[in-house]
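# below is the sequence, then the predicted model.
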Amino acid sequence: MTAQVHYDVTDGIALIRISNPPVNALSQAVRQGLIDAFERADADDSVGAIVLAAEGKTFPAGADVREFGRPRAAPILSDVCTRIEACKKPVLAAIHGHALGGGFELALACHYRIALHDATMGLPEVNLGVLPGGGGTQRVPRIIGANAALDLMITGKPITADRAEELGLIEKVIHKNLDRAALASARNMIAQGTATRPTRDRSEGFADPVTFTEAVRSWRARVAGNFVPSVRRIVDCVEAALLLPFEAGVALERQCFDDCETGPEATALRHAFFAERRAAKVPELDGARVREVSSIGVVGAGTMGTGIAISCLDAGFPVTLVERDDDGLGRGVARIRDNYEKSVSKGRIEQATADDCMSRLHGTTDMARLSQVDLVIEAVFEDEAVKRDVFAQLDKVMRPGAILATNTSYLDIDALAATISRPQDVVGYHFFSPAHIMKLLEIVVGEKTHRDVVATGFALARKLRKVPVRAGVADGFIGNRILAAYRLAADFMLEDGASPARIDAAMRAYGFPVGPYQVLDMAGLDISWARRKRLAATRDPNDRYVAIGDRMCEEGWFGQKAGRGYYVHGHGLGPVENHDALAIVEDERRKKGITPRDFPVDEIQQRCLNAMVNEGARLLDEGIALRPSDIDVVMLYGYGFPRFRGGPMMAADQRGLLSVKNALASYQTEEPKFWAPSPLFDELIKNGRHFSDLNDD
């Protein structure tokens, strides 16, 4: 027995409890302790039934993350599950909290299962690029058939205890006193001589082999183009549950798990998992005090301001929404109300929840109404003069110690902070549109931002269910700096011979949901045009400048909102190339004497990726980003970078930094400054290091 597994016998019931806080992860010590405990219970003639439970807040919520990507020390989870299932006495799992991944597989190996009403269960291994490795792909289909089993494993979404009971994965939902209910059930088993019921011997899910096979065929077609191999292997394993003996199915599952775990996709997904958690560790948190935030003001009732207000309302905060006139305020409040009405109509929330959120919204045109709020988020138009005016008004009315956050995408926060009397209370909150849906929040730390303000921002992000990343002050911070480099690399190829549709298709093939020109059309070409005009005075005249976007904006082609951009929109059509835009492209080529050439898909992908990586390295050199993994988190959550590739810096590590640096150098004849490799490449390469080595420096 190990310290992580406790064993007690009362009234003929062996109670085996897992105790490995905080989430009872299935470490080697837990696995060995379970083997020892079940061996002991099976050999004890005084024991008539066994209850498996867990101390603390949850049933095992999965594997020990420290073992990810490393060889597992014996016993492995499938051996533990086999031993539990082989018990000669009935075994009951008492589930509370979250039984996920290996934790749920452990419960499935028990003969019977009950769960507390608020428990959740699931097999989310696909989110880490692997598949269930403790027999889950073989046991679940035996109970619930192929379709429900594949839905559970391929989506990776947990289910409620009620849904688990409905499917037959558990016997009963318990509404209180789970321990008492488990012991009572075990006593009844002893009294009634209840037989064991190994899940491996169940066959309800095989009752209709034709339906089972058709579900497998349907899911295989649905996931045929999925980039993550484990998704397709899950289908293979579930099919094997019907076709192969149990032991052979488990052996196939194990082989598939091992193959996927060492693949680049799983490596990248694990990197993304740890990167998100690492991003929450910033130097300002040491010794900081989180300021109390019980009320929030939002200035600006446009698309971004209302999205931010909804995020705050959803998190339970009272929100004072300020707009300069009644018409604008009315439109903003109506937009918020419409959001909640749609959520109710689609069954996402209850009417009572919507009513509660709206009751906490207070609209006004009077800035003085913000005098008592704890935090104000400024979300007005992206214009420095406009924001300076708002800052001046807020400086007069906000109480001492209240935080002033600006939702700017590009502007200099230090310059804005310097215009008021409280620069220490100013911070950047760069939300992403739509703000109530997108998870990323760049927290931009100014030169004089107090550490308490930074700590409060990270605490608030958690309440808003956002993923916070610290950024320093720079034009575009982290995300928009890299986005600008990505778009410029694409623009160079556009001018040199590629088409918007070809570039977009290549990046979709890489894994992005949409390509860069589709994104421009969706966001509005006028936004990036305004930035280019703002930076025109500081632009080096020797730099290569692509004027295609400017000329399109001069024609009023701002993208979807104008019905025309790089594509023609509307009339029920999908994206259709705008031939007038292509004519502008051809005209710009003629002006510059460019003979267009073909760009293979791989070259398009690598040029775009290398531009992102190089800009990321520059951000690290400048101290704008703390670590490479922070850059990856920003790109994953804010810009649609494919998660199975881990982010641009992770992708560069996997490709090889020398290869990336040499590619950048080869492009320099086209545009020396833009493509010049960051000095960080040489520093890392000569020391045999990767970007990942900087994450814990």
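Good, I have the coordinates. Numbers count the residues shown, from 1 in each chain.

# drop to CA atoms for contacts and neighbour counts, all remaining ones
Fine.

# by mean pLDDT, flag the weakest helix or strand of this structure.
Counting by mean pLDDT, DSSP states H and E, the chain has its least confident helix or strand at strand 573-577, which shows a mean of 80.

# name every strand pairing with that one and say which way it goes.
Sheet pairing for strand 573-577, assigned by DSSP bridges, gives strand 567-570 (antiparallel).

# can you give me the buried ones in the partner strand?
Buried residues in strand 567-570, counting neighbours by 16 or more other Cα atoms under 10 Å, are found at 567-569.

# which of those lies closest to Ala435?
His569 (24.0 Å; Cα to Cα).

# which residues touch the nearest residue to the closest one once chain neighbours are set aside?
Excluding the flanking residues, the one nearest His569 by Cα to Cα, 6 or more residues apart in numbering is Gly563, at 4.8 Å. Listed by Cα atoms under 8 Å, 6 or more residues apart in numbering, the contact set of Gly563 reads 557, 569-570.

# now tabulate the residues you listed in a markdown table and tack on pLDDT and distance to Arg531.
As requested, those are exported to a markdown table (pLDDT from 0 to 100; distance: Cα to Cα, whole Å):
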| residue | pLDDT | distance to Arg531 |
| --- | --- | --- |
| Trp557 | 96 | 17 |
| His569 | 92 | 24 |
| Gly570 | 84 | 27 |
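
# contacts for the longest helix along the chain?
Assignment by DSSP state H gives helix 601-622 as the longest helix of the chain. Helix 601-622 is contacted from outside by 478, 481-483, 485-487, 489-490, 493, 503, 506-507, 510, 625-628, 631, 648-649, 652, 660, 663-664, 675, 677-678, 680-681, using Cα under 8 Å, 6+ apart.

# how about that helix: buried residues?
604-620.

# chain center to it: distance?
22 Å (Cα atoms, centre = their mean, to the nearest Å).

# any idea how far the residue nearest to His569 is from Gly515?
To Gly515, Gly563 is 18 Å away according to Cα to Cα, to the nearest Å.

# same question for Asp314.
Applying Cα to Cα to Asp314 and Gly515 gives a distance of 31 Å.

# neighbour-wise, which of these two wins?
Ranked by neighbour count (other Cα atoms under 10 Å), Asp314 and Gly515 place Gly515 first, with 22 against 19.

# what's the pLDDT at Ala109?
For Ala109, the pLDDT comes out at 98.

# wait, it sits on Ile84?
Yes - counting by Cα atoms under 8 Å, Ala109 touches Ile84, with 6.1 Å between them.

# give the contact list for the spatially closest residue to Ser421 that is not a sequence neighbour.
Spatial nearest neighbour of Ser421, chain neighbours left out: Asp395 (6.9 Å); criterion: Cα to Cα, 6+ apart. If you count contacts by Cα under 8 Å, 6+ apart, Asp395 has them with 420-422.

# secondary structure element holding the nearest residue to Thr262 once chain neighbours are set aside?
Once flanking residues are discounted, Thr262 sits nearest to Gly69: 6.6 Å by Cα to Cα, 6+ apart. Using DSSP states H and E, Gly69 sits in no helix or strand.

# what sits against Gly69?
261-262, 267 are the contacts of Gly69 under Cα under 8 Å, 6+ apart.

# where does Lys57 land in three-state SS?
coil (DSSP: H, G, I helix; E, B strand; the rest coil).

# coming back round to it: dump the contacts of Gly69 into JSON lines; add distance to Thr364 as well.
Shown next, in JSON lines, are the contacts of Gly69 (distance: Cα to Cα, whole Å):
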{"residue": "Glu261", "distance to Thr364": "54"}
{"residue": "Thr262", "distance to Thr364": "56"}
{"residue": "Thr267", "distance to Thr364": "50"}
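
# inside helices: which ones of those?
261, 267.

# with pLDDT added, can I get the contacts of Gly69 in TSV?
Converted to TSV, the contacts of Gly69 look like this (pLDDT from 0 to 100):
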residue	pLDDT
Glu261	93
Thr262	91
Thr267	95
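
# who wins for most neighbours among the contacts of Gly69?
Thr267 (23 neighbours).

# ok, it to Ala37 distance?
34 Å.

# same question, Thr196
18 Å.

# so which of the two has more stuff around it?
Neighbours were counted for Thr196 and for Ala37 using other Cα under 10 Å; Ala37 has more, 23 against 19.

# and the angle for the helix or strand where Val633 lies with helix 601-622?
Secondary structure from DSSP H and E places Val633 in helix 628-638. Using axes from the mean of the first three to the mean of the last three Cα atoms, to 10 degrees, the direction of helix 628-638 lies 120 degrees away from that of helix 601-622.

# put the alpha carbons of helix 628-638 into PDB.
What follows is helix 628-638, C-alpha atoms only, in PDB (Å, rounded to 0.1, in the frame of the first residue of the first chain):
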ATOM      1  CA  PRO A 628       8.100  31.800 -26.200                       C
ATOM      2  CA  SER A 629       5.200  29.800 -24.900                       C
ATOM      3  CA  ASP A 630       3.300  33.100 -24.100                       C
ATOM      4  CA  ILE A 631       3.600  34.000 -27.800                       C
ATOM      5  CA  ASP A 632       2.100  30.500 -28.600                       C
ATOM      6  CA  VAL A 633      -0.800  31.000 -26.200                       C
ATOM      7  CA  VAL A 634      -1.600  34.400 -27.800                       C
ATOM      8  CA  MET A 635      -1.600  33.000 -31.300                       C
ATOM      9  CA  LEU A 636      -3.600  29.900 -30.300                       C
ATOM     10  CA  TYR A 637      -6.400  31.700 -28.500                       C
ATOM     11  CA  GLY A 638      -6.500  35.000 -30.300                       C
END
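
# could you shift the numbering so residue one becomes 44, and keep it that way?
Let's use 44 as the start, then, which means that last one is helix 671-681.

# next SSE downstream of that helix?
helix 691-698.

# could you give the average pLDDT over that following helix?
pLDDT averaged over helix 691-698 gives 98.

# same for the helix or strand containing Ala708, what does it pack against?
Assigned by DSSP H and E, Ala708 belongs to helix 700-710. Under the contact criterion of 3 or more Cα pairs under 8 Å, 6 or more residues apart in numbering; DSSP states H and E, helix 700-710 touches helix 644-665, helix 715-718, helix 722-729.

# list of residues touching the second one?
Think helix 715-718. By Cα under 8 Å, 6+ apart, the list of residues contacting helix 715-718 reads 586, 654, 657, 707-708, 710-711.

# could I get these as a markdown table with distance to Gly177 and pLDDT?
Converted to a markdown table, those look like this (distance: Cα to Cα, whole Å; pLDDT from 0 to 100):
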| residue | distance to Gly177 | pLDDT |
| --- | --- | --- |
| Asp586 | 57 | 92 |
| Ala654 | 42 | 98 |
| Asn657 | 41 | 98 |
| Leu707 | 45 | 98 |
| Ala708 | 48 | 97 |
| Tyr710 | 49 | 97 |
| Gln711 | 51 | 95 |
